[in-house]
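[1] Need the 3D shape of this:
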Amino acid sequence: MVDFDDPLLVALSKLLRIQGKSISVAALRAYLPEHTGRVSPELCLRAAEAAGFTARIVRRRKLQHITPATLPCLLL
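    All right, here's what the predicted structure looks like:
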């Protein structure tokens, strides 16, 4: 079976499920403007916020610089 869902939305859906809010990829996509192609980190952020979560993009040069305060997170 081939999965055509955007990998970033799949990861976000799984992260939200871990946090206790089960939301499908289709529901997350419904929060976004209609577009073709891959979902950008900015659009993923928008979907997370629309689902009721506080989210932001944080850049770290090294994994060791990820603090517990930024967890859970999606790594790109």
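[2] For the helix or strand where residue 14 lies, buried residues please.
    Applying DSSP states H and E as the criterion places residue 14 in helix 7-18. Within helix 7-18, the residues scored as buried using 16 or more other CB atoms under 10 Å are 8, 9, 12, 13, 15, 16. Placement of C-beta: from N, CA and C, glycine included.
[3] Could you pull up the mean pLDDT of that helix?
    Regarding helix 7-18, the rounded mean pLDDT is 94.
[4] Can you add distance to residue 27 and give the buried residues of helix 7-18 back as CSV?
    As requested, the buried residues of helix 7-18 are exported to CSV (distance: CB to CB, whole Å):
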residue, distance to residue 27
8, 15
9, 10
12, 11
13, 8
15, 14
16, 10
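[5] backbone phi and psi for residue 25, please?
    phi -60, psi -40 (degrees, to the nearest 10).
[6] Next, count neighbours for the residue lying closest to residue 60 once chain neighbours are set aside.
    Leaving aside its chain neighbours, residue 60 sits nearest to residue 66 (5.5 Å; criterion: CB to CB, 6 or more residues apart in numbering). Residues lying near residue 66 (other CB atoms under 10 Å) number 13.
[7] Same question for residue 29.
    17.
[8] helix or strand for it, which one?
    Per DSSP H and E: helix 25-30 holds residue 29.
[9] Next up, the contacts around the residue lying closest to residue 43 once chain neighbours are set aside.
    Nearest residue to residue 43, sequence neighbours excluded (CB to CB, 6+ apart): residue 32, at 5.4 Å. When contacts are counted by CB atoms under 8 Å, 6 or more residues apart in numbering, residue 32 touches 39, 43, 46, 47.
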